[in-house]
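Colleague: All I have is the shape, not the residue letters:
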């Protein structure tokens with residue numbers, strides 16, 4: 001006589017076992033699906049896109065990136081559709097299909113309204129306001145005025161412009177600026193711009209009451225992403241030079257690592273600035289790169 005099996009005698013236990021096996025199988029399938037959907041383990045370094053055409057990147061888009069244009073700004077002499085900023089930054093670890101937020105150059109200039117800068121507005125504020133409406137600070141001319149670093153007059157291509165005038169987006173506005181009661185005191189230290197891109201360099205130099213001198217881009221493959229590797233006058237944190245002095249700039253292609261190295265090599269001992277020696281000398285690091293116009297990484 002054949003004996004009944006355990007599960008025959010306990011059918012409820014058999015059902016529980018089947019339920020457990022089915023639940024386990026479902027959990028395994030869910031984890032596999034999540035792994036496939038999220039591309040678990042497959043990550044990539046986001047490349048540098050600043051200075052490249054967003055259209056060409058979309059055509060050759062092996063990572064399936066989703067480009068979202070946040071804004072466009074006209075830049076004289078630059079093609080439209082060139083990426084000016086990207087978020088996330090180059091070098092960020094991403095997965096395929098990531099959204100990339102970019103600002104690009106406009107294909108044609110739009111109108112920008114000149115802001116009111118002559119009502120006691122300081123130079124630093126004026127540069128910021130010009131950028132906020134799509135205009136660019138140009139040359140600075142300092143004239144006798146008791147109000148130091150305040151805007152006296154605005155011109156474009158030699159013509160006086162007034163608040164409310166419409167100009168092409170990206171147009172340069174030259175500024176006539178007051179030098180103050182005592183011209184002998186109209187001096188300042190040149191800003192430190194090593195490792196910075198041209199837009200930021202222009203903003204910082206003009207805001208510090210200096211002019212942009214010659215800009216050397218020899219050997220640069222991507223102007224929008226190029227950074228300053230040499231400036232003249234150089235920065236030492238102490239030397240005072242007259243307002244309006246031209247600051248000459250040399251640019252190069254560089255990644256984040258090289259930029260960091262440049263900045264570190266130019267770093268000044270902060271104690272020397274706070275407590276200058278009798279001789280007025282600054283303590284530099286062991287190396288003082290860029291004595292000539294070549295690169296010394």
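Modeller: Noted; the coordinates are in hand. Because the structure is predicted, anything quoted here is derived from the model rather than measured.
Colleague: Run through the helices of this structure in chain order.
Modeller: 6-9, 11-37, 54-59, 123-132, 198-207, 256-265, 270-274 (DSSP state H).
Colleague: Out of these, which is closest to residue 44?
Modeller: Among the helices of the chain, the nearest to residue 44 by CB to CB is helix 54-59 (14.1 Å). Yep, even glycine has a C-beta here, placed from its N, CA and C like the rest.
Colleague: chain center to that closest one, what's the gap?
Modeller: 21 Å (CA atoms, centre = their mean, to the nearest Å).
Colleague: Where among the helices of the chain is average confidence lowest?
Modeller: Here the lowest mean pLDDT among the helices of the chain goes to helix 270-274, at a mean of 44.
Colleague: In stretch 93-112, which residues are buried?
Modeller: 98, 100, 102, 103, 104, 105, 106, 109, 112 (16 or more other CB atoms under 10 Å).
Colleague: Now pLDDT and distance to residue 241 too, for those residues, in JSON lines please.
Modeller: JSON lines is the format used below for these (pLDDT from 0 to 100; distance: CB to CB, whole Å):
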{"residue": "98", "pLDDT": "90", "distance to residue 241": "46"}
{"residue": "100", "pLDDT": "93", "distance to residue 241": "41"}
{"residue": "102", "pLDDT": "94", "distance to residue 241": "38"}
{"residue": "103", "pLDDT": "93", "distance to residue 241": "34"}
{"residue": "104", "pLDDT": "91", "distance to residue 241": "37"}
{"residue": "105", "pLDDT": "88", "distance to residue 241": "34"}
{"residue": "106", "pLDDT": "86", "distance to residue 241": "36"}
{"residue": "109", "pLDDT": "76", "distance to residue 241": "35"}
{"residue": "112", "pLDDT": "89", "distance to residue 241": "32"}
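Colleague: Closest one to residue 61 out of these, please.
Modeller: Of these, the one sitting nearest to residue 61 (CB to CB) turns out to be residue 100, at 10.1 Å.
Colleague: Look up the residues forming beta bridges with the closest one.
Modeller: residue 67 (DSSP bridges).
Colleague: separation between it and residue 221?
Modeller: 21 Å (CB to CB, to the nearest Å).
Colleague: quick revisit: which members of the buried residues of stretch 93-112 are positioned in strands?
Modeller: 100, 102, 103, 104, 105, 112 (DSSP state E).
Colleague: dump the residue contacts of the fifth one.
Modeller: Contacts of residue 105 were listed using CB atoms under 8 Å, 6 or more residues apart in numbering, and they are 72, 73, 74, 75, 78, 79, 80, 81, 82, 84.
Colleague: Repeat the analysis, applying 6 Å as the threshold.
Modeller: 75, 78, 80, 82 (CB atoms under 6 Å, 6 or more residues apart in numbering).
Colleague: Give me the buried subset of the residues you listed.
Modeller: 75, 78, 82.
Colleague: Between the residues you listed, which sits nearest residue 164?
Modeller: residue 75 (23.7 Å).
Colleague: my read: the closest one touches residue 170, true?
Modeller: Yes: counting by CB atoms under 6 Å, residue 75 does reach residue 170; the two are 5.4 Å apart.
Colleague: circling back to that earlier point, would you mind telling me which of the helices of the chain is nearest residue 92?
Modeller: helix 256-265 (10.8 Å).
Colleague: Return the set of buried residues in that closest one.
Modeller: 258, 259, 262, 265.
Colleague: how about a markdown table for those residues, with distance to residue 31 added?
Modeller: Output for these, formatted as a markdown table (distance: CB to CB, whole Å):
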| residue | distance to residue 31 |
| --- | --- |
| 258 | 42 |
| 259 | 42 |
| 262 | 47 |
| 265 | 50 |
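Colleague: Fine, thanks again, bye for now.
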